[in-house]
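Student: Sequence and predicted structure, then a few things I'm wondering about:
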Amino acid sequence: MNNFIYKGHVVQKSLGQCFLIDKQIVKNIIHVINPLYNDVLIEIGPGFGSLTIPVSNFIKKLFVIELDKDLVSYLCNNKLVSSNVVIFKQNVMNFNFCYFSLIYNKNIRIFGNLPYNISVSLIIHLIKYINHIKDMNFMMQKEVVDKLISSPGSKNYCRLTVIMQYYYEIFFLFHVYPKSFIPNPKIDSSFVKIIPRGKNIYKVNNIKLFNLIVKFAFMYRRKMLRNSLSNFFTVKDLIRLNINPDFRAENISVYDFCRLSNNL
């Protein structure tokens, strides 16, 4: 199968590259981000600068992370980005986000059209920087966003839902269809705003234990809790906590998972 070439660039499928070309969607995203002059903004995956260029016009300095050396060269050599844009050729999973929060003495804002192949692992990875983040505005696969915003009882409700909703408030903003990208992805996308919970209403005493319980519950999600969590709770324990032993993981709220964890 021939490689897809756009603007002389060979699209790297291994990096999940799909470039945003819809100008109206770009306007919608900038409106949502609402970049202010002194914001510490970091963009993940600038591509050909469809968001980078207009956002840079609003702020004092924009930091950009791009792994593909050809795209870094394109942005620099074509002088598409202004002098207030600093590009880091780096794997985002190794980027030190808290550094910028510390040197500017304010929480950072992160945005981007996330590569589909790392979107889930990336948003989980960013939890470690939550105390340094003001908000995040991301384009992701619709199926991932459906999980992030789902409620107990939904088929999309899963381990990712519980973990992310424990740490963040998550807001679906709008759908973006394949025709808005080049090459056209085979799936729909959604744009989402993710905001750390200032005062976490879901307080757990031991986050490792909380993660472990959620992991076991969804590892055997078709099993009733009396079975999937039998290593942690008896049926009597669950009843005492007012949790139905015949429920499955998908029926349990984030708050109840916290109660289960704190009970131990």
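Tutor: It's in. Numbers count the residues shown, from 1 in each chain.
Student: looking at the chain, which helix or strand is least sure?
Tutor: The helix or strand of the chain with the lowest confidence, counting by mean pLDDT, DSSP states H and E, is strand 9-10 at a mean of 58.
Student: Show me what secondary structure element comes after it.
Tutor: As assigned by DSSP states H and E, the chain's next helix or strand after strand 9-10 is strand 19-20.
Student: That following strand pairs with which strands?
Tutor: As defined by DSSP bridges, the strand partners of strand 19-20 come to strand 181-182 (antiparallel).
Student: after the strand it pairs with comes which helix or strand?
Tutor: Taking DSSP H and E, what comes next after strand 181-182 is strand 189-196.
Student: Touching that following strand from outside, list them.
Tutor: 25, 28-29, 32, 123, 130-131, 133-142, 145-146, 148-149, 164, 167-178, 180-181 (C-beta atoms under 8 Å, 6 or more residues apart in numbering). C-beta here means a position set from N, CA and C on the backbone, and glycine is covered the same way.
Student: ok, and what's touching the longest helix belonging to the chain?
Tutor: With secondary structure taken from DSSP state H, the chain has its longest helix at helix 207-219. If you take C-beta under 8 Å, 6+ apart as the criterion, helix 207-219 is touched by 158-159, 162-163, 166, 204, 225, 228-229, 231-232, 249, 252, 257-258, 260-261, 264.
Student: Let's see which of the residues you listed end up in strands.
Tutor: Using DSSP state E, no member of the contacts of helix 207-219 sits in strands.
Student: If we go by neighbour counts, what in the longest helix of the chain is buried?
Tutor: 209-211, 213-214, 216-218 (16 or more other C-beta atoms under 10 Å).
Student: Can you tell me which of the residues you listed lies closest to C76?
Tutor: Comparing the buried residues of helix 207-219 against C76 with C-beta to C-beta picks out N211 as the nearest, at 41.2 Å.
Student: ok, that closest one to F218 distance?
Tutor: N211 sits at a distance of 11 Å from F218 (criterion: C-beta to C-beta, to the nearest Å).
Student: what does Y157 give?
Tutor: Taken as C-beta to C-beta, the span from Y157 to F218 is 9 Å.
Student: pLDDT and distance to S56 for the buried residues of helix 207-219 - can I get that in a markdown table?
Tutor: Below are the buried residues of helix 207-219 laid out as a markdown table (pLDDT from 0 to 100; distance: C-beta to C-beta, whole Å):
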| residue | pLDDT | distance to S56 |
| --- | --- | --- |
| L209 | 96 | 44 |
| F210 | 96 | 40 |
| N211 | 96 | 38 |
| I213 | 96 | 44 |
| V214 | 97 | 40 |
| F216 | 95 | 46 |
| A217 | 96 | 44 |
| F218 | 96 | 41 |
